[in-house]
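Visitor: okay, structure incoming, though there's no sequence with it:
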């Protein structure tokens with residue numbers, strides 16, 4: 001494969017030059033914006049082999065994202081085309097984009113500007129779940145997901161937030177054997193005034209949780225081991241069912257916001273058995289493409305509970321709102337910038 005770089009005054013100029021030089025079917029694999037505002041696109045002569053190879057790594061041809069009718073719309077309807085561009089940049093699929101634009105058109109007929117219509121529709125369509133509720137009994141929040149680092153970082157941030165608010169919090173680490181990561185988490189937890197329980201048996205952990213007293217919040221984090229985690233959470237659940245000092249366990253699926261849709265779907269298939277009641281997105285400070293996460297939440301009817309930036313920082317653990325969802329897609333202010 002020989003990748004060619006084509007310069008232009010802006011994105012449109014660069015794409016038009018690339019089409020003239022390498023054909024309308026050339027595959028655009030990257031684009032860079034220079035300090036002077038000029039744009040350089042990297043293109044590859046179109047072939048099935050190249051397309052399939054790049055598709056495996058989550059790349060999509062720029063030429064596939066814009067149909068001839070959309071090129072006409074660029075000149076005919078700049079406002080709506082701007083909405084499409086922002087949705088594409090955020091990583092939404094063509095299907096999601098078309099549905100939202102169609103509904104934005106309907107709102108525009110009622111006098112609503114396309115960007116305002118898109119913001120309202122995104123805020124309405126992407127689900128937001130209720131956060132964990134305070135209880136008289138010991139409340140239990142379960143964090144499950146394929147990446148242990150993510151569940152631990154959310155547990156630490158949530159625990160710190162609860163302690164800062166005057167609540168009593170304990171982080172429970174379910175692990176088949178002591179790990180260096182668990183040791184590091186324990187050091188951070190104890191330094192923050194948060195309690196810590198570690199163990200490999202859900203039933204014994206449940207018995208220890210019952211001694212914490214009322215008004216306590218236990219944050220149960222798992223290590224991404226589906227079979228082991230499932231067995232121990234089941235054993236923990238049996239203790240919760242039989243002990244009226246403990247509330248029920250509410251699980252949330254924790255995933256990195258920057259992961260492609262295929263990875264998110266794989267996480268769902270692995271952890272659906274835990275019946276998660278909501279979704280936590282991490283590493284939000286390292287991405288601007290929230291489309292896959294938001295579309296995944298929409299398709300699974302899995303409400304967003306928290307969006308997290310820097311690991312373990314309670315100030316960067318944010319409760320989502322319709323406005324924040326719209327801002328993250330349409331170029332508004334990010335709480336992690």
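Guide: In hand now; what should we look at? Bear in mind the structure is a predicted one, so any value in this text is a computation, not a measurement. Residues are numbered from 1 along each chain as shown.
Visitor: what number of residues lie near the closest residue to residue 291 other than its chain neighbours?
Guide: Nearest residue to residue 291 in three dimensions, chain neighbours excluded: residue 91, at 3.3 Å (CB to CB, 6 or more residues apart in numbering). C-beta: built from backbone N, CA, C; applies to glycine. If you count neighbours by other CB atoms under 10 Å, residue 91 ends up with 22.
Visitor: pLDDT score for residue 214?
Guide: Looking at residue 214, its pLDDT reads 72.
Visitor: quick check: it vs residue 20, distance?
Guide: Going from residue 214 to residue 20 by CB to CB, to the nearest Å gives 72 Å.
Visitor: please apply the same query to residue 321.
Guide: As judged by CB to CB, residue 321 and residue 20 stand 46 Å apart.
Visitor: low-confidence ranges, the stretch 51-200 of the chain, go.
Guide: 51-74, 133-137 (pLDDT under 70).
Visitor: ok, which stretches of it are strands?
Guide: Applying DSSP state E, counting those that start in this stretch to the stretch 51-200 of the chain gives strands spanning 138-144, 168-174, 195-199.
Visitor: quick one: which of those strands is nearest residue 248?
Guide: strand 138-144 (7.0 Å; CB to CB).
Visitor: outside of the closest one, which residues touch it?
Guide: By CB atoms under 8 Å, 6 or more residues apart in numbering, the residues outside strand 138-144 that reach it are 132-133, 151, 154-155, 158, 209-210, 212-222, 229, 233, 240, 245-254, 271, 274, 276, 280.
Visitor: paired strands for that strand, with orientation please.
Guide: strand 216-221 (parallel), strand 246-256 (parallel) (DSSP bridges).
Visitor: relative to strand 138-144, how tilted is the next helix-or-strand element following the last one?
Guide: Taking DSSP states H and E as the definition, the helix or strand that follows strand 246-256 towards the C-terminus is helix 261-271. Using axes from the mean of the first three to the mean of the last three CA atoms, to 10 degrees, one finds that helix 261-271 and strand 138-144 are set 130 degrees apart in direction.
Visitor: now residue 123: how far from residue 319?
Guide: Distance from residue 123 to residue 319, by CB to CB: 14 Å.
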